[in-house]
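> 3D, please:
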Amino acid sequence: MAKVEVDVTTRAREPGVAGRRGEVLKVRVSAPPEDGRANQELIKIVASFLGVPRSTVSVALGGAARHKVLEVEGLTMGDLAAALARAQPLDS
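Numbering: from 1, shown residues only. Sure, this is the predicted structure:
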């Protein structure tokens, strides 16, 4: 099981993976942070980006926070590193 850190921006006009800062993925979701809708959309976007089923992605830490840790079952650290390398690096 791999763990990936994400920073989430809610109510974004263009949802998707915005890039990465180090090992942290920056993800934009269009949903508001109400009733778990932003987390559901986050899981959908990250699962698609990583090429895994949604059912294998879960929020491990930070359910109500902007900074979260997601767990991805069936994904190796090597697979995760390759996926992170595909994300556009962002300036500090």
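
> max-length strand in this structure?
Ranked by number of residues, the top strand in the chain under DSSP state E is strand 2-9.

> next SSE downstream of it?
Beyond strand 2-9 in the direction of the C-terminus, DSSP states H and E gives the next helix or strand as strand 16-21.

> adjacent strands (with direction) for the next helix or strand after that next one?
Using DSSP H and E, the next helix or strand after strand 16-21 towards the C-terminus is strand 24-28. Strand 24-28 has the following strand partners under DSSP bridges: strand 2-9 (parallel), strand 16-21 (antiparallel).

> what's the closest of the ones you listed to residue 83?
Smallest distance to residue 83 across the strands paired with strand 24-28 (CB to CB): 8.3 Å, for strand 2-9. No exception for glycine: its C-beta is placed from N, CA and C like everyone else's.

> show me the contact partners of stretch 43-60.
Taking CB atoms under 8 Å, 6 or more residues apart in numbering as the criterion, the residues outside stretch 43-60 that touch it are 3-4, 6, 15-17, 25, 27, 29, 39, 42, 68-75, 79-80, 83, 87.
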